[in-house]
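Q: Here is the input, now give the coordinates:
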Amino acid sequence: MNDLDSSVLLYDSSYNSTAESKDQWYETFPFISTIFGATFSLILIVVFFTSAKPWNTTTILYMNDIHLDWLYSDTGSYKEKVCHTSGISNISRPFGIYGCDAPAELFHSTVKAMKENFANADMIILGGDYVTYTIDADVFEVKNTTKYIYDYVRKEFPDTPIYSLLGNAEYAPDYGYYHNSTLLYKEYANILHIPKDQIKSYNKCANYYIDLPKQNQRLIFVNTVIYNKWHNYTNPDTGETIHPEDPCDQFSWAEKILEDGEKKGLKNALIMHVPSAISFYDYNENWNLDYADKFFNIIKKRPPAFMLCGHTHVDLMLPMFNKQNNTDFISLSSVSISPQHYNNPGFRVYEISKGKLVDYTQYVADISYPVKELKWYPEYTFSDVYKTNDMSLTSILNAIKYIRSNPYVLGMYSEYKQGQGSSEKPFFNCLLSCSTSNQVRQCVDSTGVRNAREALNTLYSFIDRY
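A: Prediction:
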């Protein structure tokens, strides 16, 4: 039995221990017991029908930016070839270290935690970036790693629908060439088991959609890597650079799919890897501004119920801007599995109902200390922390106002940003747990992060494109 069942076990045991005395009480005071029973039933009805979370929700497990690194060494260091050199430390860290991409053990632990707590989830979404960017992976490597990720999740969840996005790391080179990407799409369609009725669209632009009639929901998986400023539109054979007005006709496809969903009474939602937003790392736009403007105008006509994304590696609510700096939409970015951005690894559990995003809970695992077994726990639930009844755009905007107006809540939002992970967390932990200065230094050395500021500078220089 997992932690989620412990409260049920506690209730049952306490009830059974007093069952006999309760029966005697009911026999002695039948009238009072009848009133009590009716009152209790009324309370249950009121609680049931006023609950903020509908009982008929669809549960989605969402994991993104795994960046599986087969060369990770559990005794390596971020300073020595991005954790690929063994023997740097005498402390084994099989589940990863801040500043490095995810070892296989971390990925396996994530899927295990999802299975133990959410074996009956309605679907799984793999949000892209399955391959490490600490090496220049070739086409063979990116396809094999992507296949391994999908097949492993499928093995652990044999009966659960799995849907996926391509991230920039699934191209070779990173972000890819526009002129030869369709060759990859056709192979990924098989590797990721794209729905058969969506193969034609996927082969052209790696996009597709699924309908959830019971929830009045259409989930549209959009390939936003092609709009990123680093996607290469130069033909490697001719050297010619062309920025098409509508790359692989996805804008026209999106307009058609959004309109069709609306006509069928479905609420559209967008699932993407790279958000159209300001980058957390260099404060510049993620997308080519012309493409951002066109996309903005398309969804302005038929606003999506919600937008989910990855790529940033951190937990953010991201405004989408157009050329005029207008913003009417917010995308939700999840913390990554990879701890490369000095975050704790995490995954999300989204709940949707009747065309709306109702809530989510973020799960994380603390890797600031070396451990033999990783412990996952619910970090927070959106509605609890930000005092919302759902996750409509209005509710999200109200949550943002609440964050801005309350320094304590702003502090929590900042902590959640990296799953309560930080390059400086090992130092603070060591400072609170050691009694001498030498012990503090030894403790910090054992965590693998000797100089937090140097580590951050190394990180930002290494990922200056992200």
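
Q: Can you tell me, leaving aside adjacent residues, what's nearest to the residue nearest the centre of the chain?
A: The residue lying closest to the centre of the chain (Cα atoms, centre = their mean) is residue 334, at 3.6 Å. Using Cβ to Cβ, 6 or more residues apart in numbering and skipping the chain neighbours, the partner closest in space to residue 334 is residue 348 (5.0 Å). Bear in mind the C-beta positions are built from the backbone N, C-alpha and C, glycine included.

Q: just checking, that neighbour touches residue 357?
A: No: with contact taken as Cβ atoms under 8 Å, residue 348 and residue 357 are classed as non-touching, separated by 11.2 Å.

Q: Between those two, which is the more surrounded one?
A: A count of neighbours by other Cβ atoms under 10 Å puts residue 357 above the other of residue 348 and residue 357, at 25 against 22.

Q: Which residue ranges make up each domain of the protein?
A: The chain breaks down into these domains under automatic domain parsing: 3-50, 58-417, 425-462.

Q: Using CSV, please lay out those together with mean pLDDT.
A: Formatted as CSV, the domains of the chain follow (pLDDT from 0 to 100):
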stretch, mean pLDDT
domain 3-50, 38
domain 58-417, 90
domain 425-462, 59
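
Q: ok so, going back, ok, now which ones touch the residue nearest to the centre of the chain?
A: Residue 334 makes contacts with 62, 64, 127, 308, 309, 310, 315, 346, 347, 348, 362, as judged by Cβ atoms under 8 Å, 6 or more residues apart in numbering.

Q: redo that, cut-off 7 Å
A: Contacts here follow Cβ atoms under 7 Å, 6 or more residues apart in numbering; on that basis residue 334 touches 62, 64, 127, 310, 315, 348.

Q: State the phi and psi torsions of it.
A: phi -100, psi 150 (degrees, to the nearest 10).

Q: got it, and residue 393?
A: Here is the backbone geometry of residue 393 (degrees, to the nearest 10): phi -60, psi -40.

Q: Give the closest residue to it in space, chain neighbours not counted.
A: Once flanking residues are discounted, residue 393 sits nearest to residue 330: 6.4 Å by Cβ to Cβ, 6+ apart.

Q: ok, the one you found to residue 198 distance?
A: From residue 330 over to residue 198 the distance is 27 Å, taken as Cβ to Cβ, to the nearest Å.

Q: Kindly report the same for residue 185.
A: From residue 185 to residue 198 the distance is 12 Å (Cβ to Cβ).

Q: still on that earlier bit, looking at the contacts of residue 334, which one is closest to residue 159?
A: When the contacts of residue 334 are compared for distance to residue 159 (Cβ to Cβ), residue 62 comes out closest, at 18.5 Å.

Q: Tell me if I am right that the closest one is in a strand.
A: Yes: assessed by DSSP: H, G, I helix; E, B strand; the rest coil, residue 62 belongs to a strand.

Q: Do I have it right that it meets residue 346?
A: No: with contact defined as Cβ atoms under 7 Å, residue 62 does not reach residue 346; the gap is 10.1 Å.

Q: on that earlier part again, which of residue 185 and residue 198 has more neighbours?
A: The residue with more neighbours, out of residue 185 and residue 198, is residue 185; 21 against 15, by other Cβ under 10 Å.

Q: contacting residues for that one?
A: For residue 185, the contacting residues are 202, 203, 206, by Cβ under 7 Å, 6+ apart.

Q: most packed of the domains of the chain?
A: domain 58-417 (a mean of 19; mean count of other Cβ atoms under 10 Å).

Q: Next, the distance between the ends of that domain.
A: The first and last residues of domain 58-417 sit 25 Å apart, counting by Cα to Cα, to the nearest Å.

Q: With stretch 217-232 instead?
A: Rule used - Cα to Cα; the end-to-end distance of stretch 217-232 is 34 Å.

Q: gap between it and the chain center?
A: Using Cα atoms, centre = their mean, to the nearest Å, the distance from the centre of stretch 217-232 to the centre of the chain it belongs to is 16 Å.

Q: same thing with stretch 62-71?
A: Distance, stretch centre to chain centre, for stretch 62-71: 11 Å (Cα atoms, centre = their mean).

Q: Now tell me what touches that stretch from outside.
A: For stretch 62-71, the surrounding residues in contact (Cβ under 7 Å, 6+ apart) are 84, 100-104, 107, 110, 125-135, 145, 149, 169, 308, 310-311, 313, 334, 336-338, 340, 347-348, 350.

Q: Out of these, list just those in strands.
A: 125, 126, 308, 347, 348, 350 (DSSP state E).

Q: From residue 334, how far out is residue 154?
A: Distance, residue 154 to residue 334, by Cβ to Cβ: 21 Å.

Q: Likewise for residue 207?
A: Taking Cβ to Cβ, one finds residue 207 at 20 Å from residue 334.

Q: Please apply the same query to residue 128.
A: Per Cβ to Cβ, residue 128 is found 11 Å from residue 334.

Q: so what sits against both of those two?
A: Residues touching both residue 128 and residue 334 by Cβ under 7 Å, 6+ apart: 64, 310.

Q: re earlier: ok, now which ones touch the residue nearest to residue 393?
A: Residue 330 neighbours (Cβ under 7 Å, 6+ apart): 317, 318, 319, 393, 396.

Q: Over to residue 96?
A: Per Cβ under 7 Å, 6+ apart, neighbours of residue 96: 102, 103, 106, 339, 367.

Q: The residues you listed in helices, which ones?
A: Among the contacts of residue 96, the members found in helices (DSSP state H) are residue 106.

Q: would you list the contacts of residue 96 in a markdown table and tack on distance to residue 420?
A: Below are the contacts of residue 96 laid out as a markdown table (distance: Cβ to Cβ, whole Å):
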| residue | distance to residue 420 |
| --- | --- |
| 102 | 17 |
| 103 | 20 |
| 106 | 16 |
| 339 | 12 |
| 367 | 11 |
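
Q: what's the closest of the contacts of residue 96 to residue 419?
A: Taking Cβ to Cβ as the measure, residue 339 is the one of these closest to residue 419, at 8.6 Å.

Q: Looks like that closest one contacts residue 367 (just checking).
A: Yes: contact status for residue 339 versus residue 367: in contact at 5.9 Å, counting by Cβ under 7 Å.

Q: list the residues that contact both of the two?
A: Jointly contacting residue 339 and residue 367 under the rule Cβ under 7 Å, 6+ apart are 96, 97, 345.

Q: Turn the residues you listed into TSV, columns for secondary structure and distance to residue 417.
A: Below are the shared contacts of residue 339 and residue 367 laid out as TSV (DSSP: H, G, I helix; E, B strand; the rest coil; distance: Cβ to Cβ, whole Å):
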residue	secondary structure	distance to residue 417
96	coil	18
97	coil	19
345	coil	14
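
Q: Just give me the closest of those to residue 229.
A: Nearest to residue 229, judged by Cβ to Cβ, of the shared contacts of residue 339 and residue 367 is residue 345 at 27.3 Å.

Q: Quick check: the gap between the closest one and residue 73.
A: Here residue 345 is placed at a distance of 18 Å from residue 73 (Cβ to Cβ).

Q: who are the neighbours in contact with residue 94?
A: Here residue 94 is in contact with 74, 103, 105 (Cβ under 7 Å, 6+ apart).

Q: What residues does the nearest residue to residue 152 once chain neighbours are set aside make contact with?
A: For residue 152, ignoring the flanking residues on the chain, the nearest one in space by Cβ to Cβ, 6+ apart is residue 111 at 6.5 Å. By Cβ under 7 Å, 6+ apart, the contact list for residue 111 reads 152, 153, 156.
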